[in-house]
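Undergrad: Build me a model:
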Amino acid sequence: MTHYGGPAVAAIEEQMAAVNIHGEPVGELGWDELPDEKDIPINEDNYSRIRLRLDKPPQPSTCYVFLGDGKENCTFSGAFAQLRRSSRGIFSTDISVEIEEEEEEEQVEQVEQVEQEEQEEQEQDDWPKRLRIDATKMGENRGEFLLKLYPNQEKPSRIVLWFQCPWTAYGQDNQELFLRDIMAAAAKVQNPGELLLIGLCVDTFLFHLASYVKRYGSPKAAAEANGYKCMGADQEFVGEMRSRGYEHRASTDRKLGLERNDQFATLLFQRKKPDPHPTQG
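TA: Modelled structure (predicted):
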């Protein structure tokens, strides 16, 4: 396991202390459909309203990989650990890693040495587990990805991927491409039935966010193109995160003035089974 840098410790050390929990989780992620409630419009699509929740044990062993969460602000994964009352299986990763080729060989050697030392010195469930993983290049297959998370431990049976408010340096107008790249990478490592969650800021009234969500185009279309089914959107769960310390920031010292649950939407996608009779081109 490779730790990457350090977040603003002063801002989150209290939260980190609160979530260094080694017990069994009180539940794993599930959801309820709310067919009688109004759909949530995002760009040109409507999303069925759902409510995210925790299903009580027994549940399949599950790991949660929070993409783009761990470089400077891991308050979202920390809040989820508090809600679940366990840090077990929770990973906080940096959004992407840009390394020069000449530096890469040296870093591989350093990584191998650090991983060996960490396996000897650290307990399996220490949190935060902060890894260097590119959200658009998680691995060529499930086995390769799980090896990054659990080099020497038993592997979980289920992978949940979660990216709260993705944003990329591709260029401000290329967020739709970024979203498609994330989903394409996720599809390589997830099995049918596993969950991918994308959290978006959907408030179009704050002047600095007016065009933010528009730049994602159609997340539904991106999901469909990569073998995911949209299960709906939740506008309440982020409140559970905020009450447990989540702070939405553009950087470690810049809050964005988002204080209401309905300023966010958490989109839930489920990996589909492969089509046994694909269309012949």
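
Undergrad: Sheet-wise, list the partners of the helix or strand containing L200 with their directions.
TA: Using DSSP states H and E, L200 sits within strand 195-201. Partner strands and pairing direction for strand 195-201 (DSSP bridges) are strand 158-164 (parallel), strand 264-271 (antiparallel).

Undergrad: pretty sure M183 contacts A221?
TA: No. Between M183 and A221 there is no contact under CB atoms under 8 Å: 10.4 Å. Using the backbone N, CA and C atoms, a C-beta is placed for each residue, glycine as well.

Undergrad: Looking at those two, which is more packed in?
TA: M183 (25 against 16; other CB atoms under 10 Å).

Undergrad: With just CA atoms, put the one helix or strand that one maps to into PDB.
TA: Here M183, judged by DSSP H and E, is contained in helix 175-189. Only the C-alpha atoms of helix 175-189 are listed here, as PDB (Å, rounded to 0.1, in the frame of the first residue of the first chain):
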ATOM      1  CA  GLN A 175     -15.700  16.800 -17.700                       C
ATOM      2  CA  GLU A 176     -18.000  14.600 -19.800                       C
ATOM      3  CA  LEU A 177     -15.000  12.900 -21.300                       C
ATOM      4  CA  PHE A 178     -13.500  12.500 -17.800                       C
ATOM      5  CA  LEU A 179     -16.700  10.800 -16.600                       C
ATOM      6  CA  ARG A 180     -16.700   8.400 -19.500                       C
ATOM      7  CA  ASP A 181     -13.000   7.600 -18.800                       C
ATOM      8  CA  ILE A 182     -13.800   6.900 -15.100                       C
ATOM      9  CA  MET A 183     -16.600   4.600 -16.000                       C
ATOM     10  CA  ALA A 184     -14.600   2.700 -18.600                       C
ATOM     11  CA  ALA A 185     -11.800   2.200 -16.000                       C
ATOM     12  CA  ALA A 186     -14.400   1.000 -13.400                       C
ATOM     13  CA  ALA A 187     -15.900  -1.500 -15.900                       C
ATOM     14  CA  LYS A 188     -12.600  -3.300 -16.100                       C
ATOM     15  CA  VAL A 189     -12.400  -4.000 -12.300                       C
END
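
Undergrad: Now do it against strand 195-201, angle only.
TA: 160 degrees (axes from the mean of the first three to the mean of the last three CA atoms, to 10 degrees).

Undergrad: which element follows the lowest-mean-pLDDT helix or strand in the chain toward the C-terminus?
TA: Every helix and strand of the chain was ranked by mean pLDDT, DSSP states H and E. The lowest is helix 101-121, at a mean of 48. Using DSSP H and E, the helix or strand that follows helix 101-121 in sequence is strand 129-131.

Undergrad: Report the strands that pair with that next one, each with its relative direction.
TA: As assigned by DSSP bridges, strand 129-131 forms pairs with strand 90-93 (parallel).

Undergrad: Now tell me what touches the strand it pairs with from outside.
TA: Strand 90-93 is contacted from outside by 63-70, 74, 77-78, 80-81, 84, 127-133, 135, 149, using CB atoms under 8 Å, 6 or more residues apart in numbering.
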